[in-house]
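Trainee: Requesting a structural model of the entry that follows:
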Amino acid sequence: MKVAVIGAGVSGLATAYALKSENHQVIVYEKSEQIGGTWVYDPEVESDPLGIDPNREVVHGSLYQSLRTNIPRQLMGFFDCPFFARKYGESSIFPSHEEVLDFLNEFASEFRLVELIRFETEVVRVERVDLRSDQWVVESKTNELSSNEIFDAVVVCSGHHTQPRVADFPGMEKWPGKQMHSHNYRVPEPFQDQIVVVIGDGPSAKDISLEISKVAKEVRLSSRSPNIKVSRLDFADNMWQHSKIDYVDEKGEVKFEDGASIHADIILHCTGYKYDFPFLKTGGIVTVDDNRVGPLYKHIFPPKLAPTLSFVGLPYNSGVVFLMIDLQAKWIAHILSGKRNLPSEEEMLSEVEEYYRKMDEKRIPKHHTHSLVHKNIPTSQVLVSLRFSNIIKLHYHCVCFVDYFKKAFTRD
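Mentor: Here you go, the predicted model:
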């Protein structure tokens, strides 16, 4: 089959390799001049630091200069290309973003994936040739020149760390201080002697807040988690933990729901990202609603359009991202080859609806649809926590998670 892959980051490279291994004809579209996607560090930031101006010039990357993975290198590779060796002078078990990019370049070179990629080519439209066709037209743009090409299948691997998702609280629009999203954070120096409120409770919020605390006057972490204990943090004299923001005012005050308030200089939103596929035209069959991309069977296939349209890399909080992506890609490649079969459209849709019902029953917010840390949910039966400090435990959960996807992958 002739297959288009949208994006040459981790998902796109793994997918290209899996499809090539199954002798499919593969073309990878990459709008930048190099591979790596989110693992390419760009010191440039957007003109709108909060990232909500639709007319801003979008910067794809979200890496900050000091970033290291929060997953051991032993779990960062692919099945056919492990990341065990420390080839680049690194001694840390948690590799830097530079080393991850080196690994991806090596992977692409070793398996001759670069020759499949059309660099500096932006996909502007993906649409079925007609309503009764399984073929897709991909419209792309290179140096303002547009072209259309027909494919038997399309795999969307465009990532989800570019469009900021920001917090919303009363007074936000009139608050006089600076607001920014972590998408536009690179180095701590601009926070020198500032009082900073950091919104979020994820790995980036914790990592960035600790880094800026070394130069800032004060750092106040704000979380909506009900389990938060309001206190000064033990590991830094100038850091406090608070509940969520109640409101902000025109004088620069930030009021927390715990009753505390602070006159702050900067509010930094470490609040995640939106799934966004502006090029994908499905006539409403696939939608993005409050960060739920769906309906998708196993977070991959839209039942009505499967198997000729699929997504790779949407789930998060797996703890084994590269391995998960690798298995998703292999499953897609085998299904397109006819070696494996999907359930019927009705069966796939029924499972998706059951997943949504379980989420509602457990009162899990819709925007966590693609998170894999929720218990007793059919498509995330195995939990892998990013917070495990014990690598043996993490490896055990990795094996369980991989086993889950292998069951889906080997279904007849």
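
Trainee: Just give the number of residues close to R292.
Mentor: Around R292 there are 18 other residues, counting by other CB atoms under 10 Å. (Each C-beta comes from the backbone N, C-alpha and C, glycine too.)

Trainee: ok, for it, nearest residue in space, not its chain neighbours?
Mentor: Closest residue to R292 apart from its sequence neighbours, by CB to CB, 6 or more residues apart in numbering: T369 at 4.1 Å.

Trainee: need the contact list for that neighbour.
Mentor: T369 sits next to 291-294, 356, 359 when contact means CB atoms under 8 Å, 6 or more residues apart in numbering.

Trainee: Residues contacting stretch 294-306, please?
Mentor: Stretch 294-306 is contacted by residues 128, 282, 285-287, 293, 307, 309-312, 314-315, 328, 331-332, 342-343, 345-346, 348-349, 351-353, 356, 369-370, 379, 408 when judged by CB under 8 Å, 6+ apart.

Trainee: Can you say which of those are buried?
Mentor: 128, 286, 293, 307, 309-312, 314-315, 328, 331-332, 342, 348-349, 351-352, 356, 369-370, 379, 408 (16 or more other CB atoms under 10 Å).

Trainee: which one of the contacts of T369 is nearest A8?
Mentor: Within the contacts of T369, the smallest distance to A8 is 20.5 Å, found for V293 (CB to CB).

Trainee: for the closest one, phi and psi?
Mentor: phi -90, psi 120 (degrees, to the nearest 10).

Trainee: Excluding covalently adjacent residues, which one is nearest to it?
Mentor: Spatial nearest neighbour of V293, chain neighbours left out: Y275 (5.1 Å); criterion: CB to CB, 6+ apart.

Trainee: Which ones among the contacts of stretch 294-306 lie within helices?
Mentor: Judged by DSSP state H, helices contain the following of the contacts of stretch 294-306: 328, 331-332, 345-346, 348-349, 351-353, 356, 408.

Trainee: Just the pLDDT for A18.
Mentor: pLDDT for A18: 98.

Trainee: and the residue nearest the centre of the chain, what does it touch?
Mentor: With distances taken as CA atoms, centre = their mean, H160 lies nearest the centre of the chain, 4.2 Å away. Applying CB under 8 Å, 6+ apart to H160 gives the contacts 273-276, 313-314, 316.

Trainee: ok, it to H60 distance?
Mentor: 11 Å (CB to CB, to the nearest Å).

Trainee: And H181, by the same measure?
Mentor: 14 Å.

Trainee: Between those two, which is the more surrounded one?
Mentor: Between H181 and H60, counted using other CB under 10 Å, H181 has the larger neighbour count: 27 against 16.

Trainee: contacting residues for N291?
Mentor: Shown in contact with N291 (CB under 8 Å, 6+ apart): 165, 274-275, 366-367, 369-370.

Trainee: Do you know the pLDDT at H242?
Mentor: Note for H242: predicted pLDDT of 96.

Trainee: Which parts of the stretch 201-350 of the chain are helices?
Mentor: Assignment of helices within the stretch 201-350 of the chain using DSSP state H, counting those that start in this stretch yields the ranges 203-212, 321-337, 345-361.

Trainee: returning to that earlier point: between the contacts of N291, identify the one with the most neighbours.
Mentor: Most neighbours among those, by other CB under 10 Å: T369, with 25 neighbours.

Trainee: separation between that one and L314?
Mentor: As judged by CB to CB, T369 and L314 stand 9 Å apart.

Trainee: F107: neighbour count?
Mentor: Neighbour count for F107, taken as other CB under 10 Å: 21.

Trainee: and what of S182?
Mentor: Neighbourhood size, S182 [other CB under 10 Å]: 25.

Trainee: out of everything not next to it in sequence, what's closest to it?
Mentor: Excluding its sequence neighbours, the residue lying closest to S182 (CB to CB, 6+ apart) is C270, at 4.4 Å.

Trainee: my read: the one you found touches S204, true?
Mentor: Yes: with contact defined as CB atoms under 8 Å, C270 reaches S204; the gap is 4.9 Å.

Trainee: overlap in contacts of those two?
Mentor: Contact criterion CB under 8 Å, 6+ apart; residues bridging C270 and S204 by contacting each: S182.

Trainee: Those two: who's more crowded?
Mentor: C270 (24 against 20).

Trainee: Let me see the contact set for that one.
Mentor: C270 neighbours (CB under 8 Å, 6+ apart): 181-182, 198-200, 202, 204-205, 208-209.

Trainee: In strands only, show me the contacts of H160.
Mentor: 273-274 (DSSP state E).

Trainee: of the contacts of H160, the lowest pLDDT goes to which?
Mentor: Scanning the contacts of H160 for pLDDT, the low point is Y316. It has 89.
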